[in-house]
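Colleague: build the 3D model from these lines:
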Amino acid sequence: AEQCYTTAAVMAEIRDAKSREALANTLRTSLNDIIIEQPSAESIRAVTNFSKKTGDYRCLSAADVEVMALQYEMDVRLCGGSAEHLRSEPKGKLGAKVRPLNKDATNAATKTGAVGSE
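Modeller: Presented below is the predicted three-dimensional model:
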């Protein structure tokens, strides 16, 4: 990678030396070369609002939101400060219907707690 950016929250999640070394090897860079940047409140708000509209928000960690907000912010920055090219509303749903292939197997899994038991 020529330049690699992340947030402080992500770096804080990479605690042990082995994980840090694996990250550096994956990125083919030194951890010292990773640029740590925090997204603006505006970028976090944009990503948060969009993820709530898609239904993804409840599954995202604060670090996830920050990384996406940083990408959003960098995209806006590279496009001259305008976010007009980015969606503010999710695209329409695909409308795919999901149904189990084997009703008996699904019922058995549900009864044993393997499916849908939270």
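Colleague: in three-state terms, label residue 75 for me.
Modeller: helix (DSSP: H, G, I helix; E, B strand; the rest coil).
Colleague: how far away is it from residue 65?
Modeller: Residue 75 is 15 Å from residue 65, where distance means Cβ to Cβ, to the nearest Å. Quick note: C-beta positions are derived from backbone N, CA and C, even for glycine.
Colleague: does residue 57 touch residue 47 like I think?
Modeller: No: look at residue 57 against residue 47 with Cβ atoms under 8 Å: they stay out of range, at 9.2 Å.
Colleague: which of those two has more neighbours?
Modeller: Using other Cβ atoms under 10 Å as the criterion, residue 57 and residue 47 rank with residue 47 on top: 24 against 15.
Colleague: how close does that one get to residue 70?
Modeller: Computed as Cβ to Cβ, the residue 47 to residue 70 distance reads 9 Å.
Colleague: again with residue 14
Modeller: Separation of residue 14 from residue 70 (Cβ to Cβ) stands at 16 Å.
Colleague: between the two, point out the one with more neighbours.
Modeller: Per other Cβ under 10 Å, whichever of residue 14 and residue 70 has more neighbours is residue 70, with 22 against 16.
Colleague: and the more buried one, what does it touch?
Modeller: 5-7, 37-39, 43 (Cβ atoms under 8 Å, 6 or more residues apart in numbering).
Colleague: residue boundaries of the helices in this protein?
Modeller: Ranges of helices within the chain are 8-13, 17-27, 41-54, 62-78, 103-112, based on DSSP state H.
Colleague: buried residues in the second one?
Modeller: Just to be clear, that refers to helix 17-27. Neighbour-count burial for helix 17-27 flags 23-24 (criterion: 16 or more other Cβ atoms under 10 Å).
Colleague: chain center to it: distance?
Modeller: Centroid displacement of helix 17-27 relative to its chain, using Cα atoms, centre = their mean, to the nearest Å, is 20 Å.
Colleague: same question, the shortest one
Modeller: If you compare the mean C-alpha spot of helix 8-13 with that of the full chain, they lie 14 Å apart, counting by Cα atoms, centre = their mean.
Colleague: thank you, goodbye.
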